[in-house]
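Novice: Using only what follows, build the 3D model:
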Amino acid sequence: MNLYSYFFIACASAFCLTGGSAIAQETKVEPIIIKAERNILLRSFIDLNGGKRVTHAISIGSPLQVHYTYDADNGQLVLLWKGGFLDATPMWHDRGDGSSRPLGKAIQVGDAMPQIQQLATLQSEFKKDTTGSGFKPKGYTLDASGLPVFKYRTYGLTVKDATRVIDGGQGIRREIELGGNANDLYLCLAKADRIEPKENGKYVIVDKAYSITVEEETALKPVIRTVQGTQELLVPFQRKIIYSILFNQ
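Specialist: Numbers count the residues shown, from 1 in each chain. Modelled structure (predicted):
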């Protein structure tokens, strides 16, 4: 019996033992879990609904067990979740693909597109990218607790963007400040099938399990509009906007 015959018999045996498939079952991989025992940042790819991949994602983990992902290409929050931080197995196992996954069920709060845009009219649609805005990321600085303040330029203005976890883990509070006067700039706080305004600056994002509270709502005058069947919560920019994203209990 030659070597070819031995090889044929070995393959046939493997075919029978695997129930008709010559491909052996993959060895189980021990997951590579990143814990947030202190404030922590991790850069990776992050996948969103609809097959979108954020290639310059920065995920921020908190020991308060509330975490979020920031899209540095657009100055946009994209994911928010409670519980464990990240599963980095897809990024670090074997050759990896550069991506990580939130542990637990993440709420998608952004669409990987510029959150601040200039609109000719209140009926104008938001663009899908930064074309025409002069958007340029300027990195971030860390405060004393190790949390980032993101910086970028858009429409000729500097922007400081800081998000912090609310004590008690109810959600996050975000403060965005422009370094100059805004002209026809709007911040999109949410997109959903239905957005319900409540009292005291609260807006319930009905189909996405969270709500938004806008500080100084009376002065900022948020607007709910409908574009191609989707409702959007917009705020005209006036130097500084502070709002919170709260988990629905």
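Novice: Where does the prediction get shaky in the chain?
Specialist: Counting by pLDDT under 70, the chain contains low-confidence ranges at 1-27, 249.
Novice: Just give me the residue closest to the centre of this structure.
Specialist: residue 78 (2.0 Å; C-alpha atoms, centre = their mean).
Novice: wait, it sits on residue 113?
Specialist: No: applying C-beta atoms under 8 Å, one finds residue 78 not in contact with residue 113, separated by 9.7 Å. Glycine gets a C-beta too; all of them are placed from N, C-alpha and C.
Novice: Give me the domain ranges for this protein.
Specialist: Taking automatic domain parsing as the domain assignment, the ranges for the chain are 1-25, 31-247.
Novice: most packed of those?
Specialist: Of the domains of the chain, the one with the most neighbours on average (mean count of other C-beta atoms under 10 Å) is domain 31-247, at a mean of 17.
Novice: Could you tell me the end-to-end distance of it?
Specialist: 28 Å (C-alpha to C-alpha, to the nearest Å).
Novice: what does stretch 126-135 give?
Specialist: The first residue of stretch 126-135 is 15 Å away from its last residue (C-alpha to C-alpha).
Novice: mind checking the SS state of residue 207?
Specialist: The assignment at residue 207 comes out as helix when based on DSSP: H, G, I helix; E, B strand; the rest coil.
Novice: With adjacent residues omitted, what lies nearest to it?
Specialist: Closest residue to residue 207 apart from its sequence neighbours, by C-beta to C-beta, 6 or more residues apart in numbering: residue 193 at 4.6 Å.
Novice: I'd like the distance between that neighbour and residue 233.
Specialist: 13 Å (C-beta to C-beta, to the nearest Å).
Novice: residues in contact with the residue nearest to residue 207?
Specialist: By C-beta atoms under 8 Å, 6 or more residues apart in numbering, the contact list for residue 193 reads 206, 207, 230, 231.
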